[in-house]
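Engineer: just need the structure, nothing else, for what follows:
(2 chains)
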Amino acid sequence: MLYARLIVMRLLKAVVVLFLIIIFNFILIQWAPGDPAAILAGEAGATDEEFLRQLRERFGLDQPLYVQLWHYVSGIARLDFGWSYRQGMPVLDLIMARLPATLLLTGTAFVLSLGLGILAGSMAAARVKKPSGSLIMALALIFYATPLFWVALMAVVLFSVYLDWLPAYGMYTVGAGHTGLAYVLDVAKHLVLPATTLALFFMAIYTRMTRASMLEASQQDYVKTARAKGLAPRVIQRRHILRNALLPIITLAGLQAGQMVGGAILTETVFAWPGIGRLMFEALQQRDYNLLLGIFFFSAALVIAFNIVTDLVYRLADPRIKEGS
Amino acid sequence: MNKTPLAAALAALALTTNFATADEPTRGGVIDTIIQPEPPGLVLGMVQNDPTRKVAGSIYEGLLRYSTDLEPVPQLAESWEVSDDGLTYTFHLRDGVLWHDGEPFTAEDVVFSADVFHRELNPSARAVLQHVESIEATDDHTVVFTLAEPFGPFLLSFEAGTFTMVPKHIYEGTDFRDNEANNHPIGTGPFKFDSWDRGTVIKLVRNDDYYEEGLPYLDGVNWHIIPDGASRAVAFENGTVDVLPNGTVENFDIPRLSAMDNACITDKGNEYFSPFAMLWMNNREGPTADKRFRQAVMYAMDREFARDVLWNGMGKVPLSAFGSNAKFQHEGLEPYDHDPDRARELLDEMGYEGEEIRLLPLPYGETWTRWAEAVQQNLREVGIEVRTVATDVGGWNQRLGDWDYDLAFTYLYQYGDPALGITRSYRSDNIEKGSPWNNVEGYENERIDELFDQAATAYPDEEREALYHEAQEILHEDVPVGWLLELGFPTIYRCDVQNLITSGVGINDAFRDAWLDR
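Structural biologist: Okay, the predicted model is just below:
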């Protein structure tokens, strides 16, 4: 019951926030230099007055700004996100076609970074004065400090150009016509490099954070009590230290999950992953306003959704957190 | 100067001998190539940008094709006649041509495409159609175009990308832009549209009913969509992709890729468009409004260096406004050689006092950025203070459209005839705020307007030549824009791809004749 009420309240707030985001983004985008009609005409390499006029009229760009805003907002109320100028398709169709690819990529990267990060962090905390612990931390530092695009390119050079183990780009083998399990395996193979690249940076953060948080927790009185009771060190490590050390990591994971759609622009571009980050980047370059606003809307909605989920997970991890606190 | 990449590229160029092959073409196989960026749509005639032309050039056709020396050859028109006064063009259409949905292609389709569809939607075709008084189908296979006045380049304007034939039975009486069929383009070409997985691949398959006996040889063409330049290079390196059309990889990757085993490179196939790189110079205000300043810029730039180092030795340094693939080039003009001293003299003479000049590079990749840096350095050597203004494509469009620049890089297509591709940059009534492709520099010269007007409609060619030569002399003196380079965009491909470039539009209709020697 408590959960249900909480979720409803949060969803109501989310609607207000999303509405403000729509207005704010709409205004923000108008400030970017460059007129969509001129860019479309520019891409065609030839134009005349008539062509520009047709474009503006067709997309309502000749209307005053507040009229355009009204059309846009009232459209969203009907789940109509408008028409993409450049791609010539409804924005919703474009986003729905690309969203699964992004969710697969970022979801995999999220699980990978969180799982491996916590594992490596706990190991480093347990081996705090040993060389193996230092090695883990050194690696984490390297991945943390290395730019993502460089890691991506080096991964391609090593694993697909030299070793030829993994495909360098795309989501599936074009022309192979795989179905069923073969298709799933094919996609999985294509997923390895981009997901790992995307995961490395956050994995490094989780590793460092888990270790620090666990070391801190291990100094607490309840840990001393547990030791005094004679519990096995493994059990203490897992049930007393790790569980209490998890809260800050959940906070960060919630933020990361929201960020991942936007953060995947670079990875999706380098690996030609047909996701939403790439779509957003292209839409920005082409001043494809409706498409860009649509993507902003969906990423904002995802961030809000992840925030709600994070709050719920807090309560699972630490029953002391109650509604209203 | 680093000579290695240049030498490698030239050596690779010399290996391009596929037209001389004596082998019998084999049937079958699929070619994987790249389209960059992803096209907005595939209905030629509705969209005419470069990626659409490249992919849809295999689906749609025009009445004529053009050889690499820009002679018209039959495509949908089998033969044609021009009346003695240059006013009536009669096209005899090929028999037994079918649209991809099985309907026959007839003269009515030609009339509809030209007179209705293109007049409404297509700015490049509209520019030609203003000279056309009437278009009539005299029978199912004959179309007569009657012109209001002779128009010299008329026979050069029937290329598939500009004057596409679209099916009347699908578009007549509908809102063209919202037609359902736009998602599944229907043409008469050697390949049919199969599928488009957005962001990943566009697939074309062989048209089994194609009218040319035995063509095409290939089973299909896959156009991969790979947004990152380095990843595109990798796709060729690791063998997933067989053909890299021009502009798909950065210039600095070209020597490395073309030096690979089984890699060939050609600069053929640019003849029809002959991309011409120019420096817009703002003729309206600031130091660039002074003719002597603009001449000084021409003398200050080391264009050979740019060609050899940045463009791997490909392309030609132009003499003046007319490129070598456009007709009527005046070869008697004195070239603007690299001569910094002369540039300094001209600047002294005009009393240039070191006002800062803003230079806009073209936001189309690394080569253009470096080229802008090279020009900046050249200009600094003669005492011109240059600041580069970095923008993205949208910002670049806007600044040019608003005339908010001093010097700006661009490149324009020449389309084989000055009336089609050159006039637009210099005629004064083509000055129009808001577009980056017309007379952006703001050059106004009555005599030039007259000469270009008369030359477009003069008949026959000898008369046109005299008028165009005079125009070139004036432009050469006035330097309304800087002439940088006739670009030699290279196509890189596996050498076992045979017969790839067979016309003056290069990759745009390349796969019609191509076959695999595997």
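
Engineer: need the longest helix for chain B.
Structural biologist: As assigned by DSSP state H, the longest helix anywhere in chain B is helix B:461-478.

Engineer: need the contact partners of it.
Structural biologist: B:152, B:291, B:294, B:319-322, B:327-330, B:333-334, B:418, B:426, B:443, B:445, B:447-448, B:451-452, B:454-455, B:458 (Cβ atoms under 8 Å, 6 or more residues apart in numbering or on different chains). Just so you know, the C-beta spots here come from the backbone N, C-alpha and C atoms, and that holds for glycine as well.

Engineer: B:Glu81 should be in a helix, yeah?
Structural biologist: No - counting by DSSP: H, G, I helix; E, B strand; the rest coil, B:Glu81 falls outside a helix, being strand.

Engineer: if I look at the residue nearest to it when sequence neighbours are not counted, how far off is B:Phe117?
Structural biologist: Spatially, and ignoring its direct neighbours in sequence, B:Glu81 is nearest to B:Thr90 (4.8 Å; Cβ to Cβ, 6 or more residues apart in numbering or on different chains). In this view, B:Thr90 and B:Phe117 are 21 Å apart by Cβ to Cβ, to the nearest Å.

Engineer: that older thread, wait, the residue nearest to B:Glu81 touches B:Thr146, no?
Structural biologist: No - contact criterion Cβ atoms under 8 Å: B:Thr90 and B:Thr146 do not qualify, at 9.8 Å.

Engineer: re earlier: counting by contacts, list what whichever strand or helix holds the residue nearest to B:Glu81 packs against.
Structural biologist: Using DSSP states H and E, B:Thr90 maps to strand B:88-93. Packing partners of strand B:88-93 (3 or more Cβ pairs under 8 Å, 6 or more residues apart in numbering or on different chains; DSSP states H and E): strand B:77-82, helix B:107-111, strand B:142-147.

Engineer: for chain A, what are the nearby residues on the stretch 201-350 of chain B?
Structural biologist: The stretch 201-350 of chain B has residues B:201, B:203, B:222, B:224-228, B:230-231, B:234-235, B:237-238, B:240 near chain A, with proximity defined as Cβ under 8 Å from any Cβ of the partner chain.

Engineer: name the element A:Val111 belongs to?
Structural biologist: Under the criterion of DSSP H and E, A:Val111 resides in helix A:91-126.

Engineer: what average pLDDT does that helix get?
Structural biologist: The pLDDT scores in helix A:91-126 average 90.

Engineer: got it, and stretch B:329-340?
Structural biologist: 93.

Engineer: contacts for that stretch, please.
Structural biologist: With Cβ under 8 Å, 6+ apart, stretch B:329-340 has contacts from B:295, B:298-305, B:317, B:319-320, B:322-323, B:378, B:381-382, B:468-469, B:472-473, B:476, B:483.

Engineer: buried ones among these?
Structural biologist: B:295, B:298-303, B:317, B:319-320, B:322-323, B:378, B:382, B:468-469, B:472, B:476, B:483 (16 or more other Cβ atoms under 10 Å in any protein chain shown).

Engineer: from these, which ones fall inside helices?
Structural biologist: Reading helices off those with DSSP H, I get B:295, B:298-300, B:303, B:378, B:468-469, B:472, B:476.

Engineer: contacts for the worst-scoring helix or strand of chain A on mean pLDDT next, please.
Structural biologist: Sorted by mean pLDDT, DSSP states H and E, the helices and strands of chain A end with helix A:36-44, the least confident at a mean of 75. Contact with helix A:36-44 is made by A:47, A:51-52, A:55-56, A:59, A:61, A:85-86, A:286-289, B:40, B:47-50, B:123, B:393-394, B:397-398, B:401, B:434-437, as judged by Cβ under 8 Å, 6+ apart.

Engineer: just the buried residues of the residues you listed.
Structural biologist: Those of the contacts of helix A:36-44 that meet the buried threshold are A:47, A:51-52, A:55-56, A:59, A:85-86, A:286-289, B:40, B:47-50, B:123, B:393-394, B:397-398, B:401, B:434-437, by 16+ other Cβ under 10 Å.

Engineer: widest-spaced pair of the residues of the stretch 201-350 of chain B next to chain A?
Structural biologist: Farthest pair in these (Cβ to Cβ) is B:Lys203 and B:Ala230. Separation: 24.6 Å.

Engineer: follow-up on the earlier one: flag every buried residue along the helix holding A:Val111.
Structural biologist: For helix A:91-126, the neighbour count (16+ other Cβ under 10 Å) marks A:91-92, A:94-95, A:97-99, A:101-106, A:108-110, A:112-114, A:116-118, A:120-126 as buried.

Engineer: if we check chain B, which of those residues are in contact?
Structural biologist: Within those, those near chain B by Cβ under 8 Å from any Cβ are A:94, A:97-98, A:101.

Engineer: just send these back as a markdown table, with distance to B:Ile357 too.
Structural biologist: Putting those into a markdown table (distance: Cβ to Cβ, whole Å) gives the following:
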| residue | distance to B:Ile357 |
| --- | --- |
| A:Leu94 | 42 |
| A:Ala97 | 46 |
| A:Arg98 | 43 |
| A:Ala101 | 46 |
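
Engineer: what count of nearby residues applies to B:His92?
Structural biologist: Using other Cβ atoms under 10 Å in any protein chain shown, B:His92 is surrounded by 16 other residues.

Engineer: got it, and B:Met260?
Structural biologist: Neighbour tally, B:Met260, other Cβ under 10 Å: 13.

Engineer: same question, A:Phe19
Structural biologist: For A:Phe19, the tally of surrounding residues (other Cβ under 10 Å) stands at 13.

Engineer: same deal with B:Leu155?
Structural biologist: Look at B:Leu155: counted by other Cβ under 10 Å, it has 18 neighbours.

Engineer: try the one 4 residues further on
Structural biologist: Taking other Cβ under 10 Å as the neighbour definition, B:Glu159 ends up with a count of 28.

Engineer: and it, what pLDDT?
Structural biologist: In this prediction, B:Glu159 carries a pLDDT score of 91.
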